[in-house]
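Here is a sequence with its predicted model. Questions after.
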Amino acid sequence: MNKVYSLEAKPYNFEFNTEKTALVIIDMQRDFCAPGGFGEKLGNDITLTRSIIPNIEKVLEASREKGMFVVHTREGHRPDLSDCPPSKLNRGSKQGAGIGDEGPMGRILVRGEYGHDIVDELKPVEGEVIIDKPGKGAFYQTDLDVILKNKGITNLLVAGVTTHVCVQSTLREANDRGFDCLLLEDCAAAFDSKDHEDSIRMINQQGGIFGWTAPSESLLTSLG
Ligand code: TIU
């Protein structure tokens with residue numbers, strides 16, 4: 001059904017059609033949301049990144065019910081770290097979070113390790129796409145753009161962590177590629193709430209310079 005939905009958002013209503021809209025869940029990996037992962041090793045508190053899991057669960061369920069396309073991303077690297085720039089490797093290790101180092105959930109930010117995978121509550125199901133990305137933005141060195149274009153996707157509903165790093169990078173990349181993007185405010189988190197709040201303002205300011213923002217309740221209400 002080609003119904004157009006209108007969702008109350010900032011700076012104004014976001015109109016979308018479920019057939020042309022994808023839910024993009026950024027990096028809800030144990031490395032960012034569970035004890036002993038990359039996020040915690042960088043000195044952060046993971047309370048906030050964990051707290052959004054139930055909100056994303058509700059949105060994921062509603063999106064699946066409506067048959068919306070769902071994309072999950074994971075930040076990480078090949079086991080030999082050949083796709084990790086030395087600059088990123090060096091900075092992580094100086095902060096006590098060496099990419100590739102052994103941690104309680106396996107090697108930090110390495111593909112195939114337990115800590116690199118998505119939290120159980122948001123586990124992808126058949127038909128959903130997983131994008132493994134080496135950078136912060138989900139378009140950099142991935143096939144996300146061609147997958148979305150081939151599916152006829154024009155609008156993105158964005159969730160995940162962290163709002164000011166991988167979520168913002170992805171929104172900016174998507175905006176430049178012509179996608180209309182909406183950040184689901186309570187389905188995204190940073191380790192520090194100020195970074196999160198500032199990011200929301202950066203996105204919806206100046207008439208929606210990078211896109212729209214709205215609480216997930218707005219989406220759930222509009223979907224009915
Ligand atoms: N450190 C931090 O805030 N974020 C990241 O390193 N990656 C993501 O945001 N996924």
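Looks like it came in fine.

show me what contacts the residue positioned nearest the centre of the chain?
Closest residue to the average C-alpha location of the chain: residue 26 at 1.7 Å, with C-alpha atoms, centre = their mean. Neighbour list for residue 26: 73, 138, 158, 159, 160, 161, 166, 167, 170, 188 [criterion: C-beta atoms under 8 Å, 6 or more residues apart in numbering]. Just so you know, the C-beta spots here come from the backbone N, C-alpha and C atoms, and that holds for glycine as well.

Work out for me the element the closest residue to it other than its chain neighbours sits within.
Counting by C-beta to C-beta, 6 or more residues apart in numbering, residue 160 is the residue found nearest to residue 26 once chain neighbours are left out, at 2.9 Å. In the assignment (DSSP states H and E), residue 160 maps to strand 155-161.

what's the answer for residue 64, then?
Element membership of residue 64, judged by DSSP H and E, is helix 53-65.

tell me which residues of that helix are tucked away?
Using 16 or more other C-beta atoms under 10 Å as the test for burial, helix 53-65 gives 53, 55, 56, 59, 60, 62, 63.

in the chain, which spans are strands?
Under the criterion DSSP state E, the chain contains strands at 4-7, 14-17, 21-26, 69-75, 102-103, 106-107, 129-133, 155-161, 180-189, 212-214.

The fourth one: partners in the sheet, and parallel or antiparallel?
This means strand 69-75. Sheet pairing of strand 69-75 (DSSP bridges) gives strand 21-26 (parallel), strand 129-133 (parallel).

could you redo the ones you listed as CSV and give each row mean pLDDT and distance to the ligand?
Formatted as CSV, those follow (pLDDT from 0 to 100; distance: least, C-beta to the nearest ligand atom, whole Å):
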stretch, mean pLDDT, distance to the ligand
strand 21-26, 98, 6
strand 129-133, 98, 9
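
so of those, which one's packed in deepest?
Neighbour counts (mean count of other C-beta atoms under 10 Å) averaged over each of the strands paired with strand 69-75 peak at strand 21-26, with a mean of 26.

returning to what we had before: want to try TSV for the strands paired with strand 69-75, with distance to residue 5 as columns?
Shown next, in TSV, are the strands paired with strand 69-75 (distance: least, C-beta to C-beta, whole Å):
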stretch	distance to residue 5
strand 21-26	9
strand 129-133	22
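
Was I right to think residue 166 contacts residue 136?
Yes. Using C-beta atoms under 8 Å, residue 166 is in contact with residue 136, at 4.8 Å.

ok, back up a step: from the contacts of residue 26, which is closest to residue 7?
Residue 7 lies nearest to residue 158 out of those, by C-beta to C-beta, at 13.2 Å.

Bridged to the closest one, which residues?
Note on residue 158: beta-bridge partners residue 24, residue 183, judged by DSSP bridges.

circling back: is the strand holding residue 160 in proximity to the ligand?
Yes. Using C-beta under 6 Å from any ligand atom, strand 155-161 comes into contact with the ligand via residue 161.
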